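Asks: no FASTA, just this:
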C-alpha cells in the first residue's frame, strides 16, 4: 500500500492538498523532471510536486547555464514530462524573457504553459517588479510558485552562484520579498541557497509552504535537480546536493558491457533472435539463390 499523500479525489494533488501538507507539518517532496520516463518514475515514487525547471538548459540541452532556454523548448520538455505525470502537482518554470518585460507578457506566456504544456502552475524567479508579474498571473487564474534567494536567471547581478541573505540587511530583504510574493497570491515559494536559520524564519512567517534547495531543514519541503540527486551529473556538485544514486557510473558500466559483448560476438545470443521454420527458410533461400532474381526485381 502506498504511503504518500493522495489528492482529495484520490488522484492528482491540488493546491488544497499542498496547503494541507503545510498545515499538518508534512514535508513536501519535489524533484525536477524533463521527459516522460523520468516524470513517470518520480510520480510512481510518490513525490508531491514535479518541476520542469529551466535547469533543463544545462542538464539536458547542453547550454552553459539556464538563461538560453526558450519558451518553445520549455514547452516541448514540459509536454513530455506531463505525459508521465498522473498524480504529482505539475509545475513548469517560466524561462528568462518569458515574464520580465511586462505583466501582459507574463500572463500570455503563463497561459501558454498551461494550455500547451499542461502545467498545473508556473514558477517564476525574483521579487521586486516580479511581484507584479506574479500578481498578474494569479489574477488570470493561474497558480504561481515564487523563487527567491539564489535565482539562477539573475545570478550575474547577484555576484554569481552564491548563497544569498548572509547579512542582516539582505536576510531582511528576503523576508520582505517572501511576504510580498505571498501577498501577490503565490501558493508556495522556493528558497534557494539561503542560510538555514533565515529560511526557517521565513517559513515560519508564511502561511504558504516553502520548498528549499540549499536552504536547510527548516523549510516546508525540499527539491533537488534530477541529474544531481541521482548522480547523473558528475564532477563537483553544489554544497547542498546529496547524491542518492550513482546512475552515471551504472550507465557507463552498462554501455561498456554492451560494447564489449558486441565486439566479442557474444551479443546478440540465440535467445535474443527471432526464429523461422526450416521449411520457410528453404523457400526463402530458393527465392534469393544466385541467378533467380535479376537486379531490377529487388526494386
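Replies: It's in. Worth saying up front: this structure is predicted, and the values here are computed from it rather than measured.
Asks: list the contacts for residue 235?
Replies: Contact analysis of residue 235 by Cβ atoms under 8 Å, 6 or more residues apart in numbering lists nothing. C-beta coordinates here come from the backbone N, C-alpha and C atoms, glycine included.
Asks: run the last query once more with 10 Å
Replies: The contact partners of residue 235, taken as Cβ atoms under 10 Å, 6 or more residues apart in numbering, are residue 248.
Asks: Check the gap between it and residue 224 for me.
Replies: In this view, residue 235 and residue 224 are 16 Å apart by Cβ to Cβ, to the nearest Å.
Asks: Then residue 287?
Replies: Taken as Cβ to Cβ, the span from residue 287 to residue 224 is 59 Å.
Asks: who has more neighbours, those two?
Replies: residue 224 (20 against 10; other Cβ atoms under 10 Å).
Asks: Next up, phi/psi of the more buried one, please.
Replies: phi -140, psi 160 (degrees, to the nearest 10).
Asks: wait, isn't it in contact with residue 30?
Replies: Yes: assessed by Cβ atoms under 10 Å, residue 224 is found in contact with residue 30 at 8.3 Å.
Asks: and for the two, which residues touch both?
Replies: residue 213.
Asks: for the closest residue to residue 83 other than its chain neighbours, what are its contacts?
Replies: Distance criterion Cβ to Cβ, 6 or more residues apart in numbering; nearest residue to residue 83, sequence neighbours excluded, is residue 36 at 4.9 Å. Going by Cβ under 10 Å, 6+ apart, residue 36 touches 79, 80, 81, 82, 83, 84, 85.
Asks: With distance to residue 276, secondary structure and neighbour count added, can I get these in CSV?
Replies: Formatted as CSV, the contacts of residue 36 follow (distance: Cβ to Cβ, whole Å; DSSP: H, G, I helix; E, B strand; the rest coil; neighbours: other Cβ atoms under 10 Å):
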residue, distance to residue 276, secondary structure, neighbour count
79, 41, helix, 16
80, 38, helix, 18
81, 41, helix, 29
82, 42, helix, 20
83, 37, helix, 13
84, 37, coil, 20
85, 42, coil, 23
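Asks: Distance check, the closest residue to residue 59 other than its chain neighbours against residue 98.
Replies: Closest residue to residue 59 apart from its sequence neighbours, by Cβ to Cβ, 6+ apart: residue 227 at 4.6 Å. Separation of residue 227 from residue 98 (Cβ to Cβ) stands at 23 Å.
Asks: same deal with residue 239?
Replies: Distance from residue 239 to residue 98, by Cβ to Cβ: 29 Å.
Asks: Those two: who's more crowded?
Replies: For residue 239 versus residue 98, the count of surrounding residues by other Cβ under 10 Å is larger for residue 98: 24 against 8.
Asks: wait, is the more buried one part of a helix?
Replies: No: membership of residue 98 in a helix is not supported by DSSP: H, G, I helix; E, B strand; the rest coil, which gives coil.
Asks: quick one, what contacts it?
Replies: So residue 98 contacts 54, 69-71, 74, 105-106, 108-110, 112-113, 122, 124, 133, 153 (Cβ under 10 Å, 6+ apart).
Asks: And for residue 207?
Replies: Residue 207 neighbours (Cβ under 10 Å, 6+ apart): 19, 22, 23, 182.
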